[in-house]
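Student: Build me a structure from this.
(one chain, ligands or ions: 1)
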Amino acid sequence: MITTIRKDNAYDVAMENFDTAADAMQLDHNTREMIKYPERMLTVTVPVRMDDGSIRRFEGYRVQHSSCRGPAKGGIRFHPQVTLDEVKALATWMTWKCAVVNIPFGGAKGGITCDPKHMSQGELERMTRRYTSAILPLIGPEQDIPAPDVYTNSQTMAWIMDTYSMTKGYSIPGVVTGKPISLGGSLGRNEATGRGVFYTIQCACEHLNIPLKGATVAVQGFGNAGSVTAQLLYEAGAKIIAVSDSTGCVFNRDGLDIPELINMKAMCGHVDGFPDSEPIHPQDLIALNCDILVPAALENMVHADNARSVRARIIAEAANGPLTPEADRILESKGAFVIPDILCNAGGVTVSYFEWVQDEQHLFWEAQDVYNRLERVMKSAFRDVLKIHLDKKVPMRIAANILGIGRVAEAVQIRGIYP
Ligand code: GLU
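Tutor: This next block holds a predicted model:
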């Protein structure tokens with residue numbers, strides 16, 4: 001649903017969210033100076049030979065926000081709206097996210113400003129490989145580990161892994177996560193973000209006494225996170241009444257047939273025109289009368305101008321940064337329960353951590369083992385955040401930030417400053 005993108009700067013949002021939590025936990029000035037800002041930012045020019053023989057220049061970024069608790073970790077995004085500020089915001093959120101689920105990683109993010117929907121596989125491969133070569137000094141299994149994000153996938157990771165390995169002279173699968181299984185990927189990584197979102201929704205429903213069976217759900221964005229979340233909620237007996245993607249929005253008050261919708265999206269590339277549904281305007285999705293709203297698209301989708309229209313009781317942030325701080329305040333005053341992104345969508349990076357551990361050990365786990373461990377991590381993180389929310393009487397986002405920022409602050413304080 002790219003039509004409603006707002007101009008709110010994601011990095012300003014990330015900084016404001018940091019300050020709010022740091023104030024609430026009375027974090028001292030020195031620690032703030034050490035943990036708030038990105039450690040490293042690299043901007044690269046990526047020239048690519050296009051299929052018609054011409055050369056096109058793309059701009060790419062890799063930002064390492066923190067490496068205090070372990071290697072920097074985070075995805076790579078291919079999207080026309082990628083900017084350095086967006087990548088800085090996403091890298092910052094990765095740091096707190098990894099700390100919330102207590103995995104030994106810092107935070108990073110990368111991106112290329114491009115329109116992958118209008119590029120061939122060959123062009124994408126050449127762009128990915130040249131970008132990898134440009135950021136090569138920064139990445140590595142002990143340094144900084146990329147993964148998929150918006151419009152990148154396991155094939156993208158395979159190209160990165162191959163480019164990195166060819167340069168080093170031997171295969172190094174641990175340099176990326178979200179790889180194909182045949183290259184050392186983990187079972188369950190592809191569905192991990194949606195599965196994690198599902199576990200946190202289960203916890204929220206339990207906390208609020210909302211039966212998941214029969215609960216009504218609207219899902220904004222039908223990429224990897226949105227579609228897997230919808231599928232698992234559907235299997236649990238929830239009614240998915242609306243789904244949108246960048247092409248349109250489909251609605252059925254009695255519930256959409258999600259497996260069929262996933263099939264159609266895989267075949268035709270869009271949800272628009274799905275049988276047994278009526279089209280509605282994508283912007284109307286967030287105002288639907290439903291129990292659970294799942295923003296699974298991009299940043300700033302719920303903002304000052306439309307937050308008042310939200311009627312859902314639970315907002316599960318499958319996307320990163322879908323609510324602006326102003327939207328947070330409006331939803332808080334309406335009594336909505338927000339499962340914040342750095343908790344809600346942390347299942348992806350959690351299974352990335354499992355993948356990295358398996359690669360390091362050359363020992364691979366069963367799918368059920370991955371699911372069980374993921375469920376334990378997500379549900380225990382939810383309990384930790386909920387406890388802070390209830391004890392300190394702060395919104396869930398601030399509670400999650402207090403937990404994440406607190407863990408990073410503790411690590412920085414024990415390490416001390418070099419030199
Ligand atoms: N891109 C995902 C995120 O935003 C996953 C990152 C990772 O697995 O490193 O959390």
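Student: which residues of this protein score low on pLDDT?
Tutor: Confidence mapping of the chain against pLDDT under 70 gives the ranges 1-7.
Student: Would you map the strands across it?
Tutor: 40-49, 55-66, 72-79, 107-113, 144-148, 216-220, 239-245, 248-251, 278-280, 292-295, 314-316, 337-339 (DSSP state E).
Student: could you dump these to CSV with mean neighbour count?
Tutor: Where C-beta positions appear, they are placed from N, C-alpha and C, glycine not excepted. Shown next, in CSV, are the strands of the chain (neighbours: other CB atoms under 10 Å):
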stretch, mean neighbour count
strand 40-49, 16
strand 55-66, 22
strand 72-79, 28
strand 107-113, 28
strand 144-148, 27
strand 216-220, 27
strand 239-245, 25
strand 248-251, 22
strand 278-280, 13
strand 292-295, 29
strand 314-316, 26
strand 337-339, 23
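Student: JSON lines please, covering these and showing distance to the ligand.
Tutor: Formatted as JSON lines, the strands of the chain follow (distance: least, CB to the nearest ligand atom, whole Å):
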{"stretch": "strand 40-49", "distance to the ligand": "17"}
{"stretch": "strand 55-66", "distance to the ligand": "12"}
{"stretch": "strand 72-79", "distance to the ligand": "3"}
{"stretch": "strand 107-113", "distance to the ligand": "8"}
{"stretch": "strand 144-148", "distance to the ligand": "3"}
{"stretch": "strand 216-220", "distance to the ligand": "17"}
{"stretch": "strand 239-245", "distance to the ligand": "18"}
{"stretch": "strand 248-251", "distance to the ligand": "24"}
{"stretch": "strand 278-280", "distance to the ligand": "28"}
{"stretch": "strand 292-295", "distance to the ligand": "14"}
{"stretch": "strand 314-316", "distance to the ligand": "15"}
{"stretch": "strand 337-339", "distance to the ligand": "14"}
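Student: Of all those strands, which one comes closest to Ser120?
Tutor: strand 40-49 (10.9 Å; CB to CB).
Student: Quickly run through the sheet partners of the closest one, with directions.
Tutor: Next to strand 40-49 in the sheet, as set by DSSP bridges, lie strand 55-66 (antiparallel).
Student: what's the angle between the strand it pairs with and strand 107-113?
Tutor: 170 degrees (axes from the mean of the first three to the mean of the last three CA atoms, to 10 degrees).
Student: For Phe364, which non-adjacent residue is closest in space?
Tutor: The spatially closest residue to Phe364, leaving aside those adjacent along the chain, is Gln358, at 5.1 Å (CB to CB, 6 or more residues apart in numbering).
Student: Show me what counts as buried in stretch 310-329.
Tutor: For stretch 310-329, the neighbour count (16 or more other CB atoms under 10 Å) marks 310, 312-328 as buried.
Student: what residues does the protein put near the ligand?
Tutor: Residues of the chain lying close to the ligand by CB under 6 Å from any ligand atom are 73-75, 147, 149, 177, 320, 345, 348-349, 352.
Student: among the residues you listed, which two are most distant?
Tutor: Thr177 and Asn320 (16.8 Å).
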